[in-house]
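Trainee: Here's a sequence, model it:
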Amino acid sequence: MELRQLEYFQMVCRCNSITKAAAELHVAQPSITIAIKKLEEELGVTLFDRTQRQIILTTEGQVFLRRINDILSRLHDATVEMNDYRILQKGSIKIGVPSTIGAFPFPTLFASFQKLYPNFKLTVVEAGSLTIPNYLERGEIELGIMITSTTSTCLATVAITTGQLLVCLPPGHPLSALDAIPFTALRNERFVLLKEDSYSRQLILAECNKHQFNPNIVFSSSQIETVRSLVEQGVGISFLVDEVAQKHGTIITRPLTEPLTYQIALAWNKERYLSKATKLFIDFVSAN
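Mentor: Numbers count the residues shown, from 1 in each chain. Model (predicted):
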């Protein structure tokens, strides 16, 4: 059994496709097919149900995947740890950041960290606040900056900042005459929201449910600038974190009469090995 076979198997499971796995790994598709066939022969079990049109794991395949994920995760951690001993003043961190936080406060944190540690490299993976915990649990990223209320038991967090969601209105909207907007006044509005994996969207939908109405969502986007532009053009209203919303002078922002608060936190998987670079970034954020 070769490490390459295990990596091929894991990627096929992750992509649910041999073709996509081959593209991700930059190898020929037949190489993966042959490697998995040899793996099955060596194990004496069938890992994939080939009677279906899509990749489906057998029961044996599901058990094997859990074991392989753990093995490859530990191997990755061991490699990172050894690299830490080799390079003490350099390092890299893969960090998950939602588009909302990509505008604030991540750029400020990143710039300050880079001034102190110019040899450290931060790679950003853009994902929603509800997706980032899954990436952390699977070890696909080392850190995540996210809007959060509760987190998985395997995650540790340190708070960065708190605030509230503001209602974003187009210029001249009747509700802009109010100092604060009751949520019930939004019942007949068209909503422009961030996509499904954003925490702010889930917060808004929960509030709609609380007030017993289904929102008329006319557009969803992962990009704040798209949301802002659509609001400005009168397509609908939206909700953005205060620090971001108040930077866009072309739209009107108002608080809710019953504020919807948020917390931005740095999170990591406390059950995984943390590289020196990762620990350094955690310590930096904790001290600021």
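
Trainee: Which parts of the stretch 151-288 of the chain are helices?
Mentor: Per DSSP state H, counting those that start in this stretch, the stretch 151-288 of the chain carries helices over the ranges 199-210, 224-232, 242-245, 276-287.

Trainee: next one: the second one to chain centre, how far?
Mentor: Distance of helix 224-232 from its chain centroid, counting by Cα atoms, centre = their mean, to the nearest Å, is 21 Å.

Trainee: which other residues reach it?
Mentor: For helix 224-232, the external contacting residues (Cβ atoms under 8 Å, 6 or more residues apart in numbering) are 99-100, 102-103, 168-171, 192-194, 219, 221, 236-238, 240, 244, 248, 250-251. C-beta here means a position set from N, CA and C on the backbone, and glycine is covered the same way.

Trainee: in that helix, what counts as buried?
Mentor: For helix 224-232, the neighbour count (16 or more other Cβ atoms under 10 Å) marks 224, 227-232 as buried.

Trainee: Over to the shortest one?
Mentor: Of the residues in helix 242-245, those scored as buried under the neighbour-count criterion (16+ other Cβ under 10 Å) are 242-245.

Trainee: distance of the nearest residue to Leu194 once chain neighbours are set aside from Thr100?
Mentor: Sequence neighbours aside, Arg201 is the residue nearest to Leu194 in space, at 5.1 Å (criterion: Cβ to Cβ, 6 or more residues apart in numbering). Distance of Arg201 to Thr100, given as Cβ to Cβ, to the nearest Å: 10 Å.

Trainee: out of the two, which sits in the more crowded spot?
Mentor: Thr100 (25 against 20; other Cβ atoms under 10 Å).

Trainee: domains for the chain, by residue range?
Mentor: The chain resolves into domains spanning 3-85, 93-149+266-287, 162-263 when parsed by the TED database.

Trainee: Am I right that Leu72 is in contact with Tyr8?
Mentor: No: judged on Cβ atoms under 8 Å, Leu72 makes no contact with Tyr8 at a distance of 11.3 Å.

Trainee: Tell me where the model's unsure across this structure.
Mentor: Within the chain, the stretches with pLDDT under 70 are 81, 84-90, 102-104, 149-152, 248.

Trainee: Now do the contacts for Glu126.
Mentor: 96-99, 102, 222.

Trainee: what's the closest non-adjacent residue to Glu54?
Mentor: One correction, residue 54 is Gln, not Glu. Leaving aside its sequence neighbours, Gln54 sits nearest to Asn16 (Cβ to Cβ, 6+ apart; 6.6 Å).
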